[in-house]
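>>> need the 3D shape of this:
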Amino acid sequence: MRLFFYSKYSFFVSLGFVIVVSAGVISLYLQSVKHIGVTAPNKKAITMKAYDYSFGSYNGEGKLDTYLDADYLEQYVDKSLSFKNIRAKTYGENEKKKWDVKSNFATSDDPDNKANIIRLYGNVKSIMYMEEEDTKDGAPKKIHIDTEEIFYKPQTYDFYGDDKVRIYDPNTGNNTTGVGFKGNTDTKRVKIDNDVRSYYASR
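Just a heads-up that it's a prediction; the model follows:
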């Protein structure tokens, strides 16, 4: 199943468009419940399933903004979503990569909710692509982040987690580990909260 949309929002917010597929059916059902007194449906009742799902979001200039693919997607009555084997990519100006993240599972509350938080969990592997001005002094062009769970706020680009995290550059072998972290995919900054240990490969 492949869906492509033009949108000015980030892909996580743009996921709300998929709700259109089943919104009419849900509305009719709820109206019948109101009039004939049928018990309201379970909020986690499945309203849509999709295999080999992919989703593209484009900005006003027609350039790719975000891309998502997953082996499996479920949508529920309360508009929440769940994914299996998900991978998402976001892009900046000139379609340069900004963030690449994949995990075994992911869940999202109602994407239309401004307070929506995306949960990615199970072997989370993330890559932040640095801006050119940040790499002039030999800094890595991209930062790898491995952990078991990440919470992401699409409205502010903030992410955080409480598990053990490893931040590293595979080209040099340099890496830092710790427990608990927070960062922002727009500013390209990451902070580890506790038990910080850094290892630097000899040259």
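>>> list the contacts of Arg87.
Counting by CB atoms under 8 Å, 6 or more residues apart in numbering, Arg87 makes contact with 68-70, 100-102. Heads up, the C-betas are built off the backbone N, CA and C, glycines and all.
>>> try it again with 10 Å
Contact partners of Arg87, counting by CB atoms under 10 Å, 6 or more residues apart in numbering, are 54, 67-71, 100-103, 106, 125.
>>> likewise for Ile86?
Going by CB under 10 Å, 6+ apart, Ile86 touches 53, 68-73, 101-107, 118, 120, 122.
>>> buried ones among the residues you listed?
Buried subset of the contacts of Ile86 (neighbour count, 16 or more other CB atoms under 10 Å): 53, 68-70, 73, 101-103, 105-106, 118, 120.
>>> avg pLDDT for stretch 47-63?
For stretch 47-63, mean pLDDT rounds to 89.
>>> check which helix or strand covers Asp100.
strand 97-108 (DSSP states H and E).
>>> so, low pLDDT: which residues of the chain?
When residues are selected by pLDDT under 70, those of the chain lie in 1-41, 132-139, 202-203.
>>> which stretches of this structure form strands?
For the chain, strands defined by DSSP state E occupy the ranges 2-6, 46-58, 64-76, 81-91, 97-108, 118-129, 142-153, 158-168, 175-184, 189-199.
>>> wait, isn't Glu131 in contact with Ile143?
No: contact between Glu131 and Ile143 fails when scored by CB atoms under 10 Å: they sit 11.8 Å apart.
>>> of these two, who's got more company?
Under the neighbour definition other CB atoms under 10 Å, Glu131 and Ile143 were set side by side, and Ile143 has more, 19 against 13.
>>> with adjacent residues omitted, what lies nearest to that one?
Met128 (4.7 Å; CB to CB, 6 or more residues apart in numbering).
>>> alright, I will stop here.
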